[in-house]
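Peer 1: Fold the following, please.
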Amino acid sequence: MRNVPAITAEGLNHWFGTGEARKQAVFDVNLEIERGSLTILMGPSGSGKTTVLTLLGCLRDVQEGSVELLDTELNGAPEPLLVATRRRLGFIFQAHNLHESLSAEQNVLMGLQVHGKGDAHKQLEASRHVLGLVGLGDRMNYLPANLSGGQKQRVAVARALVSNPEVVFADEPTAALDKESGMTVVQMLKALGKTRGTTTVMVTHDNRILDMADRIIVLEEGRIVSDTRK
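Peer 2: All right, here's what the predicted structure looks like:
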């Protein structure tokens, strides 16, 4: 029996604005994303890739068409179901969105506390472990103001991964990172796909990581123009 995809989109359309200012941004997107895969969305600025990412990731209401995420239909789903689905996901954005008054360790702990996973001791152990994986074992007690831009982004990555999400949605996660740090993050995501079946959907302009993708989807003007599997 064929594995059920992590994400299925059918006839996905999206508009911004109202009345005469209403403009279509996504046109008839259809795709299936396999569990455990690393899929990259690419395209020029304004191509709709981030809009598609947020629609697939339960961060924007589905206006027309179907998105099935982890066996949950998002179009018309009640808010409690959407909240429960988001708790199964991890998000990494170009803006790290750290709490400036909390240490690196405390910021990562929040990624577990919002999910209510594990007791306090296990949460602390998990947070320290994942910070070590991203090379910040010696920066756990640092406030964001005392971290570089790349270090802040690695804290954000650790926060997204600490709860072992089933799907990770990442929007330009390596933009603030040097080559070595960027490769480390993508290698972690790739490894999670192999060991835990974690699915990753990533928007990027970073040509350094394209060879690591299982699939590259290119969008232009809200339409899929290329879909390459490796």
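Peer 1: Every contact and neighbour count from this point should use C-alpha atoms.
Peer 2: OK.
Peer 1: Can you give me the pLDDT of the nearest residue to L12 once chain neighbours are set aside?
Peer 2: Excluding the flanking residues, the one nearest L12 by CA to CA, 6 or more residues apart in numbering is G65, at 4.4 Å. pLDDT, the model's per-residue confidence, is 98 for G65.
Peer 1: quick one: strands adjacent to the host helix or strand of G65?
Peer 2: With the criterion set as DSSP states H and E, the secondary-structure element containing G65 is strand 64-69. Each strand that pairs with strand 64-69, with its direction, by DSSP bridges: strand 7-16 (antiparallel), strand 72-73 (antiparallel).
Peer 1: same question for the last one, mean pLDDT?
Peer 2: Mean per-residue pLDDT for strand 72-73: 96.
Peer 1: swap in stretch 126-134?
Peer 2: Mean pLDDT, taken over the full extent of stretch 126-134, equals 90.
Peer 1: returning to what we had before: now render the strands paired with strand 64-69 as JSON lines, adding distance to K152 and mean neighbour count.
Peer 2: Shown next, in JSON lines, are the strands paired with strand 64-69 (distance: least, CA to CA, whole Å; neighbours: other CA atoms under 10 Å):
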{"stretch": "strand 7-16", "distance to K152": "29", "mean neighbour count": "18"}
{"stretch": "strand 72-73", "distance to K152": "33", "mean neighbour count": "16"}
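Peer 1: and P44, how many neighbours?
Peer 2: The criterion is other CA atoms under 10 Å. On that basis, P44 has 12 neighbouring residues.
Peer 1: ok, it to K152 distance?
Peer 2: With the distance defined as CA to CA, to the nearest Å, P44 ends up 26 Å from K152.
Peer 1: And for G65?
Peer 2: 37 Å.
Peer 1: Over to T184?
Peer 2: From T184 over to K152 the distance is 15 Å, taken as CA to CA.
Peer 1: So I40 sits against R215, correct?
Peer 2: Yes: under the criterion of CA atoms under 8 Å, I40 makes contact with R215 at 6.3 Å.
Peer 1: Comparing the two, which residue is more hemmed in?
Peer 2: Between I40 and R215, counted using other CA under 10 Å, the more crowded position is I40 (25 against 19).
Peer 1: quick one: the more buried one is in a strand?
Peer 2: Yes: going by DSSP: H, G, I helix; E, B strand; the rest coil, the assignment for I40 places it inside a strand.
Peer 1: Quick check, pLDDT for S163.
Peer 2: The model reports S163 with a pLDDT of 89.
Peer 1: Excluding chain neighbours, give the residue nearest to it in space.
Peer 2: With CA to CA, 6+ apart as the criterion, S163 has its nearest non-adjacent residue at 5.6 Å, and that residue is L112.
Peer 1: and after the helix or strand hosting the one you found, which helix or strand comes next?
Peer 2: With elements taken from DSSP H and E, the one containing L112 is helix 104-113. Under the assignment DSSP H and E, the closest C-terminal helix or strand after helix 104-113 is helix 120-133.
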